[in-house]
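**Q** Following is a predicted model, sequence given first.
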Amino acid sequence: MSKQHFPQASILGYPRIGRRRELKKALEAHWAGTLTEQQLHERAFAVQQQNLERLVQLGLDPANGSLPGDHAYYDQVLDTLVALGAVPSRFAEVLSAPLSTADAFTLARGDAQRAPLEMTKWFDTNYHYLVPELGERTTLRANPAGLLENFTAHARAGHTIRPTLVGPISFLLLAKAEEGAARSGFTPLHRIDELVEVYAQLLAELAAAGVGWVQLDEPALVTEAGARHAVPGGLAERVYRQLSSGPRPALLVTTGYGTAGQLTRPGEGLGVLARAGVDAVQVDLVRGVAPQPEFLGQLQGTTVVAGIVDARNVWRNHLGASLIALRALRQAVTAAGGRLAVGTATSLLHVPHDVALEGNLPEGLADWLAFADQKVSEVLTLATGLEHGEDAIARELVATERALAARAAYPGTTVPAVRERLAGLGEQDLQRPDEQQRAAAQRAGLQLPLLPTTTIGSFPQTAEVRAARAAHAAGTLDDQGYRRFVEQEIARVIALQEELGLDVLVHGEAERNDMVQYFAENLDGFAVTEHGWVQSYGSRATRPSILFGDVTRPAAFTVPWISHAASLTGKPVKGMLTGPVTILAWSFVRDDVPLQTSARQVALALRDEIQDLQQAGIRIIQVDEPALRELLPLRAAAQPEYLRWSVDAFRLATGGAAAGTQIHTHLCYSEFGEVIGAIDALGADVTSIEAARSAMEVTADLKSFGYRRGIGPGVYDIHSPRVPSQQEIAELIGTALDSVDRQALWVNPDCGLKTRGYAETTASLANLVAAARQVRADQLAAI
Ligand SMILES: Nc1nc2c(c(=O)[nH]1)N[C@@H](CNc1ccc(C(=O)N[C@@H](CCC(=O)N[C@@H](CCC(=O)N[C@@H](CCC(=O)O)C(=O)O)C(=O)O)C(=O)O)cc1)CN2
Ligand code: MET
Ligand SMILES: [Zn+2]
């Protein structure tokens, strides 16, 4: 069959949340019971339609499959699970295929008896997907209804979308074996043949309904042989040969998030997918490299979509350089018998909608930036330039050069004093007093009981807290009024913790909109946005800050709040900082200096804040690094270098702390087994770590590593409103004690409580304290 021509310009996906977070608001209203399912569908459709209209207005072709069709309400992996009817066994009692919208929300959010599907990072991004669970007998049944309805409804409105699914190989590699199944040697990939049949059936039904193009995302094809998500050799060709052979729409297979390792072997190359019959293959030229001619193989009429516009960062594309790269690639692709088209490196899901919505960016900055809408224009401009030559885009080329020159010349870009301070640093700045001295000083100074209880930092961010901050931002609540409000909130949280009987208290973080944005607002070199929301998971989003210059700290900023909290209690209150790696991981970072340079600059600002906290009498300081694992490069060869500088940044931030100051850190949202060496190297006196959902597996890993310092494996999952019983928590503490010395064990939840309500928070913490006391008494009796 002769191959379909993919459009000259397209994007792989577009933000789903809406320019004003309309989808978030609709989802949360629906879950709260104030919006019916029908109303939710109407609002979601309106958001999609607004987005599609915008894309057409920007210049994308409304026909021919150039409009993206990733319309997930919650998560695209969840939507793929629904289309495949892959109902996890532990939900089979209450749910069966075909899964409805309500069923999908049950999987995403859990119910009274069942924890939700696990949530984990999507490659090396701050987006979280829901992890499918498969066993030998998990049902697999094609359920094209949702895809078809959505396609037809948009077609009626004049938009031919390209329905999008996670591809079969990535789906299985991102899934996990259901409980018990892994022990018998089962891995999800065992189900590949059955799964491909289900995809084939989905494709046949979509083709029958008139769908012209389908996009299958296969980011797992970027992983190298031997990596955790490695693709067995030959699999891609076998799977795609089978999918191409039946009745089907034209197929676009995408491979964003790295270099398509499987596809760049000599003799195989992109030719593997071309040979299999796929019509278009997208490659990521931002994280990956352009395939060399000898790796292309025989393209046999396949379109190669060059993912040249970065969809993970917000800097304006260097159009001139891109055009040169595209021309070279076109030559190679044409020589190999293919065609070249222009696209984004990944979905634009990872960037905000539109720079034009921002009114308060620092002078000049807007001109250096490109959010989703600007990136769509860049793709179109490059496609025009490629087809009609430089003259056709002369104006855009000049404007780009001018913006880049202005950025380089901007005074905040390079601050000499910062560069000098960095140059003067040595190994001694990373070194804390020896561990025995620290332990002795802290034991004497803090007087903590066995199995000390604490929380991770944030308490529920109630509607009142957010409304007060919104009023402050709008100018209807003045500085003093806002400060008084936050101080009252802190007083309430301190009183609550005293009442609950926690041992180490927190101030609750009421003054923080977000644990990264708040730091960016208080440090020079970062800009923050008003509307730059990016989906993180489900209905939750963040406004990643934009690091554009060298980092300095104009003044101490956490000290007044922590001091206020400390003044209200005799118990220790933790100072609470976000670590350098996490601040960078959850921001858009510079592309003009190495990340590790920025990390050291942020570390120095935090180091100064730690000095000021100590001076104010704070004895415990927590430096959160939940994103430490997230930035770990996908490529194994690049990992040691990353771990070295990220650990050093933490040590630089904390290296000035006195022996008697107890440094805590907190890690979550990832499996940490593979980076325990790095966690140890951070040298924190106490580490709290997410563990409840994985049944304390991490404590066994820590034991085999020989980890000795303080450790607080989370004893309950804060992502669901479920209240854990005292019994259940006591058992988890018992499990932890099998691997951890009782002198080293802390008792705390998995993560901060900001997304929870007060009712379940209070009940859960009461059980946590009671469980810790119960086990503490047993342990003391046994001595
Ligand atoms: N940056 C970052 N990344 C992270 C995490 C994190 O905490 N921060 N945690 C992990 C999981 N990801 C998460 C991401 C977001 C949220 C979250 O709760 N986000 C909130 C927004 C938090 C925020 O920025 N709040 C602002 C703005 C609040 C707001 O919506 N205001 C209203 C008006 C206020 C009102 O009257 O309600 C508006 O602007 O429309 C504030 O409190 O000031 C949400 O989506 O709802 C939680 C976890 C991993 N990555
Ligand atoms: C995502 S890690 C969160 C840590 C932060 N201190 C909090 O409690 O919210
Ligand atoms: Zn956390």
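**A** Ah, there it is. Numbers count the residues shown, from 1 in each chain. Ligands and ions are numbered 1, 2, ... in the order given.

**Q** Please make it C-alpha for all contacts and neighbour counts, starting now.
**A** Noted.

**Q** Return the set of buried residues in the biggest helix by length in the chain.
**A** Counting residues, the longest helix found in the chain (DSSP state H) is helix 758-782. Of the residues in helix 758-782, 760-761, 763-773, 775-776 count as buried by neighbour count, 16 or more other Cα atoms under 10 Å.

**Q** quick one, what contacts whichever residue of the chain sits closest to ligand 3?
**A** Ranked by Cα to the ion, the top residue of the chain for proximity to ligand 3 is Cys751, at 3.8 Å. Residues near Cys751 by Cα atoms under 8 Å, 6 or more residues apart in numbering: Thr455, Ile456, Cys668, Ile689, Glu690, Gly714, Asp717, Ile718.

**Q** Go through those residues and name the one nearest Val286.
**A** Cys668 (27.9 Å; Cα to Cα).

**Q** what separates the residue of the chain closest to ligand 3 from Ala763, distance-wise?
**A** 16 Å (Cα to Cα, to the nearest Å).

**Q** Ok, Ala474 next?
**A** Taking Cα to Cα, one finds Ala474 at 35 Å from Ala763.

**Q** what's the answer for Ala638, then?
**A** Taking Cα to Cα, one finds Ala638 at 45 Å from Ala763.

**Q** Kindly report the same for Val305.
**A** 53 Å.

**Q** quick revisit: which SS state does the residue of the chain closest to ligand 3 fall under?
**A** coil (DSSP: H, G, I helix; E, B strand; the rest coil).

**Q** Just confirm Val253 is within a helix.
**A** No. According to three-state DSSP, Val253 belongs to no helix; its state is strand.

**Q** list the contacts for the residue of the stretch 251-400 of the chain found nearest ligand 1?
**A** When scored by Cα to the nearest ligand atom, the stretch 251-400 of the chain has His350 as its residue closest to ligand 1, at 12.1 Å. Residues counted as contacts of His350 (Cα under 8 Å, 6+ apart) are Pro15, Tyr127, Ala311, Arg312, Asn313, Val534, Gln535.

**Q** what do you get if the cut-off is 10 Å, keeping everything else the same?
**A** 13-15, 125-127, 310-314, 371-372, 533-536, 544 (Cα atoms under 10 Å, 6 or more residues apart in numbering).

**Q** quick one: which of those residues sit in strands?
**A** Applying DSSP state E to the contacts of His350, the entries found in strands are Val534, Gln535, Ser536.

**Q** For the stretch 551-700 of the chain, list the residues in contact with ligand 3, please.
**A** Within the stretch 551-700 of the chain, the positions adjacent to ligand 3 are Cys668 by Cα under 5 Å from the ion.

**Q** So which residues of the stretch 551-700 of the chain form strands?
**A** 574-578, 620-624, 662-667, 686-689 (DSSP state E, counting those that start in this stretch).

**Q** Would you mind putting those into a markdown table with mean pLDDT and mean neighbour count alongside?
**A** Output for the strands of the stretch 551-700 of the chain, formatted as a markdown table (pLDDT from 0 to 100; neighbours: other Cα atoms under 10 Å):
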| stretch | mean pLDDT | mean neighbour count |
| --- | --- | --- |
| strand 574-578 | 98 | 25 |
| strand 620-624 | 98 | 24 |
| strand 662-667 | 97 | 25 |
| strand 686-689 | 96 | 25 |
